[in-house]
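S.K.: Build me a model from this:
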Amino acid sequence: MTEAIHDFTAKLRQPSLRDHLRSYLRWRRELARARAEGRPDPEPPAQAPISINLDLTTACNYRCDHCIDWDILNTKHRHDEETLRSSICTMVERGLRSVILIGGGEPTLYPGFADFVRFLKNLELQVAVVTNGGRGDVLLDIADALEERDWVRLSLDAGSNALFRAMHRPVKRSLDLDEICAWIPRIKRRNPRFEIGYSFIIVWEGASRDGVALHENIHEIALAAERARRHGFDYISLKPVLERGPDGAEVMDPGAARAKEVEVVARIRAEIEKARGFAGPDFAVRVSTNLRVLEQGSWREYTRQPRTCHVQALRQVLTPQGTYNCPAHRGAPKARIAGADAFADEAQARATGKALGALMDRFDASRECAEVTCLYHGVNWWLEKLAQDPQGEPEPLPGDERGDCFL
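M.R.: Down below sits the predicted model:
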């Protein structure tokens, strides 16, 4: 069963997002008709993505062996604060609803991080933070600004202090899980309305980055779940390790395991069952879509993508290096839509809309993402059917309002 946080079809069927979706689908339908009839391409709708991943900084105070963004950490690239704020405002005017502060670096290291979070909340955006947890004082500082549908997730990936240090190699060598997790009750006391999650990327023996073997952690899944519940986290999120493929895409490769894939999956399944023993009314064990299909043995089906990735028009990645079409291709030139100033003003936003249309033509997801176990696989095929429907205006059926605009 797909976790609600990953049920993107249901999210797009929300009444609050349907007009945005319908506008996009009308454009795709009209584009197909115009090309079939030899007419000029219609202008893309004056829209921003509904949701963005925002990399505030490339700076990081960890040296994680399994970091998928290793090559872009601690570079000279910087956001211009004025341009960034202007870009967010323009996107809000064009339909932006949520921002996930994440990757490419540690977001809490961004100068003025707390002020920027409050700026986003003043724009009535839903806000999420994915952090390594090394600056609990900063998380405590922003806690009062967050609301019920916002969330914070700490990337911890271990249950013991020894394995945590070996995997993450924090600059502050004394930092451990005990110190990080001790902040959670304090944050919860300040504001219990938003969720705090414990993220655990499952690494199997044989996984590597740039030829360097990673630390296996399958045996600590249940230990991490117990720790997460004990310290007051709302859930533990389990997902498989991703590696950077030869073409730059983020791929899942259980075939690289030293043991047979079936044995690795069996071990993972057994440990997840142990972890579920800690679930209760106040604590959930959440399994990501790509981990679920790995367990089921159907993960290769999720690498079969339509030619057009429709989600790239609805969710993008804004980084100091530029604006990209997907987190799985963050930093790859072939996935670059525009610069970091893509939405700095209306003129830039219009140019970015045209650039997105051009990228959607040349970025063949069936080829570029052929090795990617895509979280958006189901919703992309749903959107493909709606966009290609020959019967009149596409009208996706309305769904329940979930109050969740994260994509």
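
S.K.: and L238, that one's in a helix?
M.R.: No: secondary structure of L238 (DSSP: H, G, I helix; E, B strand; the rest coil): strand, not part of a helix.

S.K.: Would you agree G104 is in contact with P327?
M.R.: No: the pair G104 / P327 is not scored as a contact, 9.8 Å apart, by Cβ atoms under 8 Å. All C-beta spots, glycine's among them, are computed from the backbone N, C-alpha and C.

S.K.: neighbour count winner among these two?
M.R.: Neighbours were counted for G104 and for P327 using other Cβ atoms under 10 Å; G104 has more, 27 against 20.

S.K.: As a check, name the ranges of all helices in the protein.
M.R.: Assigned by DSSP state H, the helices in the chain fall at 8-12, 15-36, 81-93, 113-122, 136-142, 161-168, 177-181, 183-190, 221-230, 261-276, 289-296, 346-362, 365-368, 377-388.

S.K.: Check the burial of the closest residue to D157 other than its chain neighbours by counting its neighbours.
M.R.: Leaving aside its chain neighbours, D157 sits nearest to I201 (5.0 Å; criterion: Cβ to Cβ, 6 or more residues apart in numbering). By the criterion of other Cβ under 10 Å, I201 has 23 neighbours.

S.K.: can you pull the contacts of I201?
M.R.: H66, S155, D157, N217, K239, P240, V241, L242 (Cβ atoms under 8 Å, 6 or more residues apart in numbering).

S.K.: What about the closest residue to D389 other than its chain neighbours, how many residues nearby?
M.R.: Once flanking residues are discounted, D389 sits nearest to R29: 7.9 Å by Cβ to Cβ, 6+ apart. By other Cβ under 10 Å, 19 other residues sit near R29.

S.K.: Would you check that R29 makes contact with P42?
M.R.: No: counting by Cβ under 8 Å, R29 does not reach P42; the two are 9.7 Å apart.

S.K.: Need the pLDDT of the spatially closest residue to H77 that is not a sequence neighbour.
M.R.: Spatially, and ignoring its direct neighbours in sequence, H77 is nearest to P320 (3.8 Å; Cβ to Cβ, 6+ apart). According to the prediction, P320 has pLDDT 93.

S.K.: from what I can see P320 touches L54, true?
M.R.: No: at 10.2 Å, P320 and L54 do not qualify as touching, with contact defined as Cβ under 8 Å.

S.K.: Please say which of the two ends up with more neighbours.
M.R.: L54 (24 against 20).

S.K.: can you pull the pLDDT of that one?
M.R.: pLDDT, L54: 97.

S.K.: hey, which strand is longest across this structure?
M.R.: strand 195-202 (DSSP state E).

S.K.: what pairs with that one, and is each one parallel or antiparallel?
M.R.: strand 151-155 (parallel), strand 235-240 (parallel) (DSSP bridges).

S.K.: Looking at the contacts of I201, which is nearest L120?
M.R.: S155 (20.6 Å; Cβ to Cβ).

S.K.: Which strand residues bridge the closest one?
M.R.: Under the criterion used here (DSSP bridges), S155 is bridged to S199.

S.K.: any idea of the pLDDT on R300?
M.R.: 78.

S.K.: how far away is the residue nearest to D157 from S16?
M.R.: 32 Å (Cβ to Cβ, to the nearest Å).

S.K.: swap in R153?
M.R.: Applying Cβ to Cβ to R153 and S16 gives a distance of 23 Å.

S.K.: Of these two, which one has the most company?
M.R.: With neighbours defined as other Cβ under 10 Å, R153 and S16 compare such that R153 has more, 22 against 14.

S.K.: In space, what's closest to the more buried one - neighbours in sequence excluded?
M.R.: Nearest one to R153, counting by Cβ to Cβ, 6+ apart, is G197 at 4.0 Å.

S.K.: what about the one you found, neighbour count?
M.R.: 22.

S.K.: what residues are up against it?
M.R.: Contacts of G197 (Cβ under 8 Å, 6+ apart): W151, V152, R153, L154, F233, D234, Y235, I236, S237, R286.

S.K.: do that again at 7 Å, thanks
M.R.: W151, R153, F233, D234, Y235, I236, S237 (Cβ atoms under 7 Å, 6 or more residues apart in numbering).

S.K.: distance between the ends of stretch 219-237?
M.R.: Taking Cα to Cα, to the nearest Å, the first and last residues of stretch 219-237 lie 16 Å apart.

S.K.: For that stretch, list every residue counted as buried.
M.R.: 220-229, 231-237 (16 or more other Cβ atoms under 10 Å).

S.K.: Next: stretch 134-154.
M.R.: 134-136, 138-143, 145-146, 149-154.

S.K.: and if you look at stretch 213-220?
M.R.: Of the residues in stretch 213-220, those buried (16+ other Cβ under 10 Å) are L214, H215, E216, N217, I218, E220.

S.K.: Tell me which residues are up against that stretch.
M.R.: 65-66, 157-160, 163, 166-167, 202-205, 207-208, 241, 267-268, 271.

S.K.: Put the buried members of those residues into a ChimeraX selection.
M.R.: Burial among these is assessed by 16+ other Cβ under 10 Å; the matching ChimeraX selection reads:
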select :65,66,157,158,159,160,163,167,202,203,204,207,241,267,268,271
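
S.K.: Point out where the stretch 251-400 of the chain drops to low pLDDT.
M.R.: For the stretch 251-400 of the chain, the stretches flagged by pLDDT under 70 are 251-259, 390-395.

S.K.: again, 90 this time
M.R.: 251-266, 288-303, 327-332, 370-375, 388-399 (pLDDT under 90).

S.K.: just to revisit the earlier point, can you put the strands paired with strand 195-202 in CSV and add distance to G297 and mean pLDDT?
M.R.: Below are the strands paired with strand 195-202 laid out as CSV (distance: least, Cβ to Cβ, whole Å; pLDDT from 0 to 100):
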stretch, distance to G297, mean pLDDT
strand 151-155, 27, 97
strand 235-240, 13, 94
